[in-house]
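1. the following comprises the amino acid sequence and a computationally predicted model.
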Amino acid sequence: MTTYGQMKMQEEKVFKDPVHRYVHVRDQVIWDLVKTREFQRLRRIKQLGTTYLVFHGAEHSRFNHSLGVYEIVRRIVDDVFKGRPEWDESERLLVLCAALLHDLGHGPFSHAFENVFETDHEYFTRQILLGDTEVNAVLSRVASDFPEKVAQVIEKTYPNELVVSLISSQIDADRMDYLQRDAYYTGVSYGHFDMERIMRVMRPRKNGVVIKDSGMHAVEHYIMSRYQMYLQIYFHPVSRSAEVILNNILKRVKALWREGYQFKVQPKPFESFFENNVSLEDYITLDESIMLAYFQFWMNEDDAILSDLSRRFVNRKLFQYTSLNPFEHPEVYSELRRLFSEAGFDPEYYLVHDSTSDLPYDFYRPGIEGTKKPIFLLMQDGQQCELSERSQIVEAIAGHIKVDHKVYYPEELFTDETVPELLRDEIKKLLYV
């Protein structure tokens, strides 16, 4: 008798995909998961947050990406690992479900949203997997403990390190998809690498995926692609400007709510977030389409700061920036805050320090605590060797990206006739230290 977990669809379903050409679905469980409310919600969460305000093609969603990660893992376990003694075929469906659902708990504009409302997408991923959801109902049909196993793989606590490494390591399906997908949609060439070659030289081992030493050069290309994508896309200063404004909109709304401010349009979808009493239903319901609608409502609010910041985000009137590290020049930053206040620009919202160390991207840093397991090469004698010990290219760049500090501010300050010219000159002088 065929169990639900073993069921295949009578006819394979395919998604046309610009990165992988096709995403193939034959397992009934995977198809049922794609149709759930919680997975469909990912269509309304952008993969790259505010980056679309810089690279106009970057409108792709976490739905796109999640399907891509699933497809890469499917190809690895069905085409590369199948039949190898180190791979347990009984864990195939588990790793496919984990690949598909790994980003399930991301909120709207994930990074800024989590900063202000102190939410954790990993926590909500687990809640969606184990709570009263359509996703949980599908997973529970496989086995009563199956939702928990999927959660463990995503949380990196599942006992089989090989299964975890396909989703979360320095050369996992997650990274291999988002680098290529983000490059495609931003229109840059940095993120492209020879994934076909990498997959051909992948080998399953008890402690995770390893790469045959003959594939080292393909992996070097992959690491260089990551390096360039972080510098040119993920750390882009203008995208960070948009995120600074977004962050300050949410911060201002939260502050006004706590002060008892009467909004023209009550922000009902945000109330539980303001009160730190967020239910799973509240979290699932809020997406970027709702947030963008409220940004337009807030453009017409009486509060000048909220109205201005919302208008800036909606109409892309972003802050200017200059390189300045407040930790190295605390006296300069303190004086700037004083001068901004004197000029009538609240420094809490109009003078903002931002650094790339605050961004959720993990370039290759072998051996650094808190980073993902490094890449190991499988040598001809069967020994394993960490990539940067063999590759001069990787050794040269591993962990060497310098933290970039920027200070963001409204450029109009220098043309505002209500600000005395002498004051403007003082600010300008300090901003270009």
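-> Cool, the structure landed. Note that this is a predicted model, so its numbers are computed, not measured.

2. hey, let's count contacts and neighbours off CA atoms from now on
-> Noted.

3. where does pLDDT dip in this structure?
-> Applying pLDDT under 70 to the chain flags residues 358-371, 399, 433.

4. which stretches in it count as strands?
-> Taking DSSP state E, the strands of the chain run over residues 8-17, 21-27, 202-205, 208-212, 320-323, 352-355, 376-378, 384-386, 405-409.

5. relative to residue 150, which of the ones you listed is closest?
-> strand 21-27 (16.1 Å; CA to CA).

6. circling back to that earlier point, of the strands of the chain, which is nearest residue 156?
-> With CA to CA as the measure, strand 208-212 is the member of the strands of the chain nearest residue 156 (12.0 Å).

7. ok, now which ones touch the residue nearest to residue 251 when sequence neighbours are not counted?
-> Spatially, and ignoring its direct neighbours in sequence, residue 251 is nearest to residue 116 (6.0 Å; CA to CA, 6 or more residues apart in numbering). Residues near residue 116 by CA atoms under 8 Å, 6 or more residues apart in numbering: 247, 250, 251.

8. buried ones among those?
-> 247, 250, 251 (16 or more other CA atoms under 10 Å).

9. tabulate those (TSV), appending distance to residue 260.
-> Shown next, in TSV, are the buried ones among the contacts of residue 116 (distance: CA to CA, whole Å):
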residue	distance to residue 260
247	20
250	16
251	15
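
10. and which of the residues you listed is nearest to residue 186?
-> Of all the buried ones among the contacts of residue 116, residue 247 has the smallest distance to residue 186: 22.6 Å, by CA to CA.

11. pretty sure the closest one sits against residue 113.
-> Yes: in this structure residue 247 lies within contact range of residue 113 using CA atoms under 8 Å: 7.1 Å.

12. from residue 150, how far out is the residue nearest to residue 251?
-> 29 Å (CA to CA, to the nearest Å).

13. do the same with residue 53
-> With the distance defined as CA to CA, residue 53 ends up 35 Å from residue 150.

14. and if you look at residue 160?
-> With CA to CA as the criterion, residue 160 and residue 150 are 12 Å apart.

15. neighbour count for those two, which is higher?
-> With neighbours defined as other CA atoms under 10 Å, residue 160 and residue 150 compare such that residue 150 has more, 25 against 15.

16. that one and residue 135, how far apart?
-> Distance of residue 150 to residue 135, given as CA to CA: 11 Å.

17. mutual contacts of those two, please.
-> Common contact partners of residue 150 and residue 135 (CA under 8 Å, 6+ apart): residue 129.

18. okay, now the domains of the chain?
-> Following automatic domain parsing, the chain resolves into domains at 4-232, 237-358+404-431.

19. any idea which of the ones you listed is most buried?
-> Highest mean neighbour count of those: domain 4-232, a mean of 19 (counted as mean count of other CA atoms under 10 Å).

20. now do the end-to-end distance for that one.
-> First-to-last distance for domain 4-232 - CA to CA - comes to 45 Å.

21. tell me how far residue 251 lies from residue 403.
-> Counting by CA to CA, the gap from residue 251 to residue 403 is 25 Å.

22. try residue 135
-> Remark: distance between residue 135 and residue 403 (CA to CA) = 39 Å.

23. make a markdown table out of the domains of the chain and add distance to residue 391.
-> Compiled in a markdown table, the domains of the chain are given as follows (distance: least, CA to CA, whole Å):
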| stretch | distance to residue 391 |
| --- | --- |
| domain 4-232 | 8 |
| domain 237-358+404-431 | 26 |
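
24. ok, which of these comes nearest residue 373?
-> domain 4-232 (5.2 Å).

25. picking up where we left off before, just send the strands of the chain back as JSON lines, with distance to residue 259 too.
-> Output for the strands of the chain, formatted as JSON lines (distance: least, CA to CA, whole Å):
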{"stretch": "strand 8-17", "distance to residue 259": "48"}
{"stretch": "strand 21-27", "distance to residue 259": "50"}
{"stretch": "strand 202-205", "distance to residue 259": "56"}
{"stretch": "strand 208-212", "distance to residue 259": "52"}
{"stretch": "strand 320-323", "distance to residue 259": "30"}
{"stretch": "strand 352-355", "distance to residue 259": "22"}
{"stretch": "strand 376-378", "distance to residue 259": "54"}
{"stretch": "strand 384-386", "distance to residue 259": "54"}
{"stretch": "strand 405-409", "distance to residue 259": "25"}
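
26. now do the helices in the stretch 1-150 of the chain.
-> 28-34, 37-40, 62-75, 92-101, 110-117, 121-130, 134-142, 146-155 (DSSP state H, counting those that start in this stretch).

27. any chance of these in JSON lines, plus distance to residue 174?
-> JSON lines is the format used below for the helices of the stretch 1-150 of the chain (distance: least, CA to CA, whole Å):
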{"stretch": "helix 28-34", "distance to residue 174": "17"}
{"stretch": "helix 37-40", "distance to residue 174": "17"}
{"stretch": "helix 62-75", "distance to residue 174": "5"}
{"stretch": "helix 92-101", "distance to residue 174": "8"}
{"stretch": "helix 110-117", "distance to residue 174": "17"}
{"stretch": "helix 121-130", "distance to residue 174": "15"}
{"stretch": "helix 134-142", "distance to residue 174": "20"}
{"stretch": "helix 146-155", "distance to residue 174": "11"}
